[in-house]
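sequence and predicted model, in that order:
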Amino acid sequence: MWADADAKVDYLNFSEVAELAAEMVGTERLLPLSLGIFGTWGTGKSTVLNLMRGELSQHKQKFLFVEFDAWLHQDYDDARAALMSVIAKALLDEAPEGLREKALSLLKRTNKLRVLGYAAEGAAAFWGVPTFGLIRKGVEGLGDILSGDANEDDVKAIEEGAKDAKTKSEGLFAPEPKKSPPEEIVAFRQEFSEVLSGLGKTLVVLIDNIDRCTPPNTIHTLEAIRLFLFLPRTAFVIAADEDMVRHAVATHFRNPSLRLVEDYLDKLIQVPIRVPKLGVQDVRAYMLLLFAEASGANGDRLEQLRAFLVDQLRQAWKPDAKFGVDEVLSILKPDDPRTLRSTLDLADRMAPLLAYSANVNGNPRIIKRMLNVVRMRASVARKRKMELDESVIAKLALFERCTDAKAVDALHTAINASAGKPHFLATLESGGTDGDQAIEGCPPEILKHVDFVRDWAALEPKLSEVDLRPAVYLARETVPLRATAAKLSEAAIKAVDVLRQVRTEASPTAKAAIESITTEQPAVMEELIRRMRLNPEWSRSRDDFRGAVLLARANEDAGKMLASFVSSLGEKAPRWMTMMMSGKAKEA
């Protein structure tokens, strides 16, 4: 088994990207710098962050590192205040005796900002007015807090100001955009600059998991970063999925323009670096290293192998650059080369399919999770004395990951109906088909993936002479491999289109569409919600939401998904939405 955690050792030839990022952060003339490490889930953003820090740590006297996990603070702290506090605390811990008083003052200022946020917003919530409704009395208390001279009377003044604002302005004014007090921005940034200048180090803030946060927390963290931007000797490195951040922008701001959604992150990030997509050779090297590690290879030899494979990947542009199982074995010198060779051979053959499959697309985390499931199933097989080779388990797991739910169910059904040995497997493995030629006995759900299936069938070991019923048992007994993002069937895709255009709750077309996708109703709800998020305009009732409500009434799991989606909208969820969900749409 392999830990499903961010790597600190380069198995993916990401050192080149990390070295580039480290070089920019370490070049003083480029500071201040905001740098983005972009990629989708599981592609290795956090690994690049780790490698970049390792590169810079060779000169640790020049840098002060601050790591901030935005997801860790979600629901426990205000994202803006949390980031500011983490940075201020790091500066205080690093400050020498002569600088500690100023560093402590910075931390206190940060804590006052936190109190201000809770007091003002809490009072506003209590009295039913927004924070920007504070009038003169509250503003006077606010001024004391900004100057650093606040006391309990100032906080009380803010609360009373909020109450007075509600009384005097109820129904008389429209909300205005909330603005950051210029005085506080100047004071905080000046004090921060003085402390950092006194330390004589470059502050490197590494921000991760921002794309796992709810839209408000994502935006609040980005706003806090903006407060520190363009200060001397600072570098912010943000690992994120661009699409998820843009979704947060579209969800958080009311009716944002397309330009705002597209430009928000671009204006914050000066230098974007995208995690490279793995090709066949990258996937092959990655899997060879994983299996070599799992074999208990000698630590020095494993590092020698890693360095060799990374060097080969860097030379991949040369026509004579190549590596394979023989080279791996010659470096590792294992006690049992035959057993390790069979495992490495399987990894070597699986690499192209994992690199090209639309359901995997060379994603290293998906690959590692698939291999962990294989190891888990193999362990169960040994404990239950099943005569089932791990390579057989791996080949079937590969089929699960690279096809879809219907194809997997069809294969399992065929295995159980034929005493564990479906006849069409022998035809496939013999290569006795060309083009789109029908294969006798092969279910249409499997033929839908005929190009992949032919390549898959050609992999060793051959399955046609193996009783595969124990493997089917293991597949149902252990964690399923299929992702919720697996491709929808044609019927499900049609249902999505129908449910996005429901004009009335009595629509017979919508009812028929829902009844046609009994087993895929939660997956269809997931797709409906994904598309609804792309259009955050909720000022009036919408056909797509009406279709989602009908689906929610038909399926309990789908209903929970829709309720969670509505809950995530918070204050943006209009009254018509809850009325429609409760079946009172006419009243709405």
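Okay, I see it. Every value quoted in this text rests on a predicted model; they were computed, and no experiment measured them.

helices and strands of the protein: which one bottoms out on pLDDT?
None of the helices or strands of the chain scores lower by mean pLDDT, DSSP states H and E than helix 136-147, at a mean of 41.

and residue 361, backbone torsions?
The phi/psi pair for residue 361 (degrees, to the nearest 10) reads phi 60, psi 40.

from here on, count from 7
Renumbered: residue one is now 7, and that last one reads residue 367.

that one and residue 283 touch, don't they?
Yes: if you go by Cβ atoms under 8 Å, residue 367 and residue 283 touch, sitting 7.3 Å apart. (Glycine included, C-beta is placed from N, CA and C.)

low-confidence ranges, the protein, go.
The chain contains residues with pLDDT under 70 at 11, 80-84, 118-191, 325-327, 438-444, 483-493, 590-594.

what's the domain layout of it?
Per the record, the chain has its domains at 23-280, 286-483, 496-587, by automatic domain parsing.

contact partners for residue 579?
Counting by Cβ atoms under 8 Å, 6 or more residues apart in numbering, residue 579 touches 544, 572, 573.

can we see that at 6 Å?
With contacts defined as Cβ atoms under 6 Å, 6 or more residues apart in numbering, residue 579 is in contact with residue 572.

how much space between it and residue 475?
Per Cβ to Cβ, to the nearest Å, residue 579 is found 49 Å from residue 475.

same deal with residue 253?
Note on residue 253: its distance to residue 475, by Cβ to Cβ, is 44 Å.

could you do residue 388 as well?
Distance from residue 388 to residue 475, by Cβ to Cβ: 17 Å.

quick one, which of the two is more surrounded?
Using other Cβ atoms under 10 Å as the criterion, residue 388 and residue 475 rank with residue 475 on top: 17 against 11.

quick check, the more buried one in contact with residue 425.
No: taking Cβ atoms under 6 Å as the definition, residue 475 is not a contact partner of residue 425, at 7.7 Å.

mind checking the SS state of the nearest residue to residue 376 once chain neighbours are set aside?
Spatial nearest neighbour of residue 376, excluding adjacent residues (Cβ to Cβ, 6 or more residues apart in numbering): residue 407 at 5.2 Å. When classified by DSSP: H, G, I helix; E, B strand; the rest coil, residue 407 comes out as helix.

I'd like the distance from the helix or strand where residue 533 lies to the chain centre, please.
Element membership for residue 533 (DSSP states H and E) is helix 527-539. Taking Cα atoms, centre = their mean, to the nearest Å, one finds helix 527-539 lying 18 Å from the centre of the chain it belongs to.

with just CA atoms, put the helix or strand following it into PDB.
Following helix 527-539 in sequence order, the next helix or strand is helix 549-560 (DSSP H and E). This file holds the C-alpha atoms of helix 549-560, laid out as PDB (Å, rounded to 0.1, in the frame of the first residue of the first chain):
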ATOM      1  CA  ASP A 549     -36.400  25.800 -15.100                       C
ATOM      2  CA  ASP A 550     -33.200  23.800 -14.300                       C
ATOM      3  CA  PHE A 551     -33.900  24.100 -10.500                       C
ATOM      4  CA  ARG A 552     -37.500  23.000 -11.000                       C
ATOM      5  CA  GLY A 553     -36.200  19.900 -12.800                       C
ATOM      6  CA  ALA A 554     -33.700  19.200 -10.000                       C
ATOM      7  CA  VAL A 555     -36.600  19.400  -7.500                       C
ATOM      8  CA  LEU A 556     -38.600  16.800  -9.400                       C
ATOM      9  CA  LEU A 557     -35.500  14.500  -9.400                       C
ATOM     10  CA  ALA A 558     -35.000  15.100  -5.700                       C
ATOM     11  CA  ARG A 559     -38.500  13.900  -5.000                       C
ATOM     12  CA  ALA A 560     -37.900  10.700  -6.900                       C
END
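
got the angle between helix 549-560 and helix 527-539?
With axes from the mean of the first three to the mean of the last three Cα atoms, to 10 degrees defining the directions, helix 549-560 sits at 160 degrees from helix 527-539.

show me what helix 549-560 is packed against.
Applying 3 or more Cβ pairs under 6 Å, 6 or more residues apart in numbering; DSSP states H and E, one finds that helix 549-560 contacts helix 514-521, helix 527-539, helix 562-575.

which stretches in the stretch 157-306 of the chain count as strands?
208-214, 240-246, 277-280 (DSSP state E, counting those that start in this stretch).

in CSV: those strands, plus distance to residue 60 and mean neighbour count.
Below are the strands of the stretch 157-306 of the chain laid out as CSV (distance: least, Cβ to Cβ, whole Å; neighbours: other Cβ atoms under 10 Å):
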stretch, distance to residue 60, mean neighbour count
strand 208-214, 12, 22
strand 240-246, 13, 24
strand 277-280, 16, 16
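
out of those strands, which is closest to residue 90?
Distance to residue 90, taken as Cβ to Cβ, is lowest for strand 208-214 among these, at 10.9 Å.

tell me the strands beside that closest one, with direction?
Strands that pair with strand 208-214, judged by DSSP bridges, come out as strand 69-75 (parallel), strand 240-246 (parallel).

redo those as TSV? Include distance to residue 338.
Listed next are the strands paired with strand 208-214 as TSV, based on distance: least, Cβ to Cβ, whole Å:
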stretch	distance to residue 338
strand 69-75	34
strand 240-246	33
